[in-house]
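# Dropping the sequence and predicted coords here.
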Amino acid sequence: MEKFFKLKENGTTVRTEIVAGCTTFMTMAYILAVNPSILSASGMDPNAVLMATALASFLGCMAMALLANYPFALAPGLGLNAFFAYTICGTMGYSWQFALLAVFIEGLIFIVLSLTNIREAIFNAIPLQLKKGVSVGIGLFCSFIGLQNAKLVVDGSTLVTVVNFREHFSTVGIGALLAVLGLLLIAVLYVKNVRGAMLIGILATWGLGILCQLLGIYEVTPEAGFYSLLPTWSGFDPLAIRSTFAQCFNFSQIRFDPMDFVVIMSSFLFVDLFDTLGTLVGVANKADMLDAEGRLPRVKQALLADAIATSVGAILGTSTTTTFVESSSGVAEGGRTGLTAVVTGFLFLISIFLAPVFTTIPGFATAPALIFVGFLMMSSVVDISFSDMTESVPAFLCLLCMPLMYSISEGIAVGVISYVVINVAAGKAKKITPLMYVLAFLFVLKYIFL
């Protein structure tokens, strides 16, 4: 492992990488429950989707580890799976086989773009200060997701508001309270330099939840979305994947409209491209992997792994597989090499047989880790040069829009467009690379047509 993953060269150990991999998996495990729930709305078998999710995540993590030697984990992404189920199969009325074909073709296009350096060129074209803004924005996005998963932040007359702990205390309230305790525990452990602080926090919060359920403080009400916190092995069929495997090639179930197909595939391409680039920027920056010019060594291999995982995931039967922002939790635990991704991948593989255990982990247990990751990634804000407003304003708009628009790609779009406009208006057009002009133009077209 030392020879292959270069552990000493990257300042890490086997133990650190294992803890980091476990932490990343624990913060991502929710996808095993959420992805089947969302994609089943398209008519897919939830058990088959769970199997496809676990296998696609395993293969994606292994590809990232073996091709790029980075601690980035992959799984079917949120947002794109909702677009898959509710827009393509719901509003537009296409079959899920049609949607899988669009994802498969998207992955093939990304493989070509990765091999021809186009995705790498886009990554390198983004200015360093804007990349710092991306990193901070992803941190805020992580924290916002954590606050929502814990039900600490809920819908209200002001769009979002703090939860009322007294109302529905036995479900929403107790989960939110346990998330607060978990966050404080992680913070204290970090202050005391305890390794595996986030993993301990997740398990401790889950354990407290189980105790509350046994004492009757937490009430199981499935109809309201509050399930038992005790693992069960019932209702899972490990052979269910047969109903989704290679269905993207089942042309008898695919009603093909060329124009719609191009629009749908373009939407997948656009969101996946900039979600992945943004995640790589943010997580790599947190791990101090970017060089002095803001470039990521072996970025081509990382992007290629992401592209391969997308096409393979479509064959298995799931929506776009992409690099997860939750990888930052493993990086925060010290993960620096592909061994972290290998550990995460094998846990996804094991989850095929222990899926009921991992899908039982409640959102309020993993939420404290996501919130704390946001704090850790905020440190990059001090590297933004606020003395130069042509650099700092676009970075600020980028980091602001990611959580508020609930999209990494939207934050990047706002950052790129504002960077070009502000610098041209300020008479600093010479420092803008030609590719940045192209990106800004494409983002504007996206808002007009997509």
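Everything's here; your move.

# all strands for the chain, in order.
Assigned strands in the chain, in chain order: 74-76, 153-156, 159-162, 321-323 (criterion: DSSP state E).

# Can you say which of these is packed in most?
Greatest average neighbour count among the strands of the chain goes to strand 74-76 (a mean of 32), per mean count of other CB atoms under 10 Å. Quick note: C-beta positions are derived from backbone N, CA and C, even for glycine.

# Check which strands are paired with that strand and give the direction for each one.
The strands beside strand 74-76 in its sheet (DSSP bridges) come out as strand 321-323 (antiparallel).

# mean confidence score for the partner strand?
Averaging the model's pLDDT scores along strand 321-323 yields 91.

# gap between that strand and the chain center?
Per CA atoms, centre = their mean, to the nearest Å, the displacement of strand 321-323 from the mean C-alpha position of its chain is 7 Å.

# Next, the residues that contact it from outside, please.
Strand 321-323 is contacted from outside by 56-57, 60, 64, 72-77, 80, 272, 275-276, 279-280, 283, 302, 306, 309-310, 312-313, using CB atoms under 8 Å, 6 or more residues apart in numbering.

# now the strands of the chain in a markdown table, with distance to residue 229?
What follows is the strands of the chain, written out as a markdown table (distance: least, CB to CB, whole Å):
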| stretch | distance to residue 229 |
| --- | --- |
| strand 74-76 | 22 |
| strand 153-156 | 21 |
| strand 159-162 | 24 |
| strand 321-323 | 28 |
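
# out of those, nearest to residue 33?
Relative to residue 33, the nearest member of these by CB to CB is strand 74-76, separated by 12.1 Å.

# Between the strands of the chain, which one is closest to residue 204.
Among the strands of the chain, strand 153-156 sits nearest to residue 204 (CB to CB), with 22.0 Å.

# Counting by contacts, list what that closest one packs against.
The contact analysis (3 or more CB pairs under 8 Å, 6 or more residues apart in numbering; DSSP states H and E) places strand 153-156 against helix 128-149, strand 159-162.

# hey, least reliable of the ones you listed by pLDDT?
Ranked by mean pLDDT, these end with helix 128-149 at the bottom, a mean of 85.

# What is it packed up against?
strand 153-156, helix 258-286, helix 327-332, helix 363-377, helix 389-405, helix 408-425.

# Any chance of these in a markdown table with mean pLDDT and distance to residue 42 as columns?
Converted to a markdown table, the helices and strands packed on helix 128-149 look like this (pLDDT from 0 to 100; distance: least, CB to CB, whole Å):
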| stretch | mean pLDDT | distance to residue 42 |
| --- | --- | --- |
| strand 153-156 | 89 | 25 |
| helix 258-286 | 78 | 13 |
| helix 327-332 | 88 | 27 |
| helix 363-377 | 85 | 23 |
| helix 389-405 | 93 | 25 |
| helix 408-425 | 90 | 22 |
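
# most tightly surrounded among those?
Per-stretch averages of neighbours, counted by mean count of other CB under 10 Å, single out helix 327-332 among the helices and strands packed on helix 128-149, with a mean of 30.

# and that one, what does it pack onto?
Where contact means 3+ CB pairs under 8 Å, 6+ apart, helix 327-332 is packed against helix 14-28, helix 128-149, helix 258-286, helix 338-358, helix 363-377.

# nearest to residue 442, of these?
For the helices and strands packed on helix 327-332, proximity to residue 442 was assessed by CB to CB; helix 258-286 is nearest, at 8.1 Å.

# got the angle for the closest one vs helix 408-425?
With axes from the mean of the first three to the mean of the last three CA atoms, to 10 degrees applied, the angle from helix 258-286 to helix 408-425 works out at 80 degrees.

# Helix 258-286: how far from the chain's middle?
Centroid separation for helix 258-286 versus its chain: 12 Å, with CA atoms, centre = their mean.

# what angle separates that helix from helix 128-149?
100 degrees.

# Helix 258-286 vs helix 389-405, what angle?
Helix 258-286 and helix 389-405 are oriented at 110 degrees to each other (the same axes, to 10 degrees).

# got the angle between helix 258-286 and helix 363-377?
In terms of direction (the same axes, to 10 degrees), helix 258-286 departs from helix 363-377 by 60 degrees.

# And the residue nearest the centre of the chain?
residue 324 (2.9 Å; CA atoms, centre = their mean).

# Just confirm that one contacts residue 77, I think it does.
Yes. The pair residue 324 / residue 77 is scored as a contact, 7.3 Å apart, by CB atoms under 8 Å.

# got any ranges where the protein has weak pLDDT?
Within the chain, the segments meeting pLDDT under 70 span 79, 233-237, 253-257, 259, 358-359, 450.

# Highest mean neighbour count out of the helices and strands packed on strand 153-156?
Greatest average neighbour count among the helices and strands packed on strand 153-156 goes to helix 128-149 (a mean of 25), per mean count of other CB under 10 Å.

# just to revisit the earlier point, which residues sit in contact with the residue nearest to the centre of the chain?
24, 28, 31, 72-75, 77, 279.

# same deal with residue 426?
Going by CB under 8 Å, 6+ apart, residue 426 touches residue 390.

# ok, now how distant is the residue lying closest to residue 277 once chain neighbours are set aside from residue 210?
Nearest residue to residue 277, sequence neighbours excluded (CB to CB, 6 or more residues apart in numbering): residue 123, at 5.5 Å. Relative to residue 210, residue 123 is positioned 43 Å away (CB to CB, to the nearest Å).

# So for those two, which residue has more residues nearby?
residue 123 (23 against 17; other CB atoms under 10 Å).

# residue contacts, that one?
277, 280-281, 295-296, 299, 303.

# Ok, residue 41 next?
With contacts defined as CB under 8 Å, 6+ apart, residue 41 is in contact with 85-86, 89-90.

# Relative to residue 442, how far out is it?
31 Å.

# what two of the contacts of residue 41 are the furthest from one another?
The two members of the contacts of residue 41 with the most space between them (CB to CB) are 86 and 89, at 7.4 Å.

# between the two, which one's more packed in?
residue 89 (21 against 14).

# Not counting sequence-adjacent ones, nearest residue to the more buried one?
Take residue 89 and drop its neighbours on the chain: the residue closest to it by CB to CB, 6+ apart is residue 42, 3.7 Å away.

# pretty sure the one you found is touching residue 96, no?
Yes. Assessed by CB under 8 Å, residue 42 is found in contact with residue 96 at 4.2 Å.

# In terms of neighbours, single out the busier of these two.
Neighbour tally, residue 42 and residue 96, criterion other CB under 10 Å: the higher count belongs to residue 96, 25 against 22.

# got a list of what that one touches?
39, 42-44, 84-85, 89, 247.

# what's around the nearest residue in space to residue 185 that is not next to it in sequence, how many residues?
Leaving aside its sequence neighbours, residue 185 sits nearest to residue 201 (CB to CB, 6+ apart; 5.0 Å). By other CB under 10 Å, 30 other residues sit near residue 201.

# Check the gap between residue 201 and residue 333 for me.
For residue 201, the distance to residue 333 - CB to CB - is 11 Å.
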